[in-house]
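Q: compute the structure for the input listed below.
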Amino acid sequence: MILEHLFGLSLVLTASLDFQPSASASAGAWMQMSIRQKSATFQPLVRQATDCIVQKMFSDPRFNTKLGPGEINDLIVDSMPACVRPMQAMIDAHDRMYGTGSGEAFLLGPYLDMLPAAVVSHIKILSRDR
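A: From the prediction side, this is the model:
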């Protein structure tokens, strides 16, 4: 269920931001970065997108710490439209580093796979700090 919503959202992200890939002069520099350098550059973007989703979920009136996995997934999906910009930045950076189309594949694959666990972890920290 969450995958279908995210696929639809990825299409909206591209259209809503009028995304048009461009061949920049620095594209070669991205390709020459080591895996460690790419990871160090990319991880803050993943964190920003995840933090945005967590903050939106935390402020949602339906949120509580006793939600089940299905309810958490629903809140994640509902929070994503408000986080279009950080998610698009993550997709764009992935495309620049690893090739056109890889960012959407990352979003719908590895990012989506780890997102519920990351959200639950963040929420536990935020709930404890409250």
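
Q: report the buried residues of the longest helix along the chain.
A: Identified as the longest helix of the chain according to DSSP state H is helix 35-59. For helix 35-59, burial by neighbour count (16 or more other C-beta atoms under 10 Å) applies to 38, 42, 45-46, 48-50, 52-54, 56-58. Every residue, glycine included, has its C-beta placed from N, CA and C.

Q: mind putting these in TSV, distance to residue 71 and pLDDT included?
A: As requested, these are exported to TSV (distance: C-beta to C-beta, whole Å; pLDDT from 0 to 100):
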residue	distance to residue 71	pLDDT
38	35	88
42	30	94
45	27	97
46	24	96
48	24	97
49	21	97
50	18	95
52	19	96
53	15	95
54	15	93
56	15	94
57	10	92
58	14	88
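
Q: of those, closest to residue 72?
A: residue 57 (7.9 Å; C-beta to C-beta).

Q: hmm, back to that, what's the longest helix of the chain packed up against?
A: Here helix 35-59 touches helix 69-79, helix 84-98, helix 112-129, going by 3 or more C-beta pairs under 8 Å, 6 or more residues apart in numbering; DSSP states H and E.

Q: pick the most buried one from those.
A: Per residue and on average, the most neighbours among the helices and strands packed on helix 35-59 fall to helix 84-98, with a mean of 20 (mean count of other C-beta atoms under 10 Å).

Q: just checking, next helix/strand downstream of that one?
A: Using DSSP states H and E, the helix or strand that follows helix 84-98 in sequence is helix 102-106.

Q: so can I have TSV of the buried residues of helix 35-59 showing distance to residue 104?
A: Listed next are these as TSV, based on distance: C-beta to C-beta, whole Å:
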residue	distance to residue 104
38	17
42	15
45	14
46	14
48	18
49	13
50	17
52	18
53	17
54	22
56	21
57	23
58	27
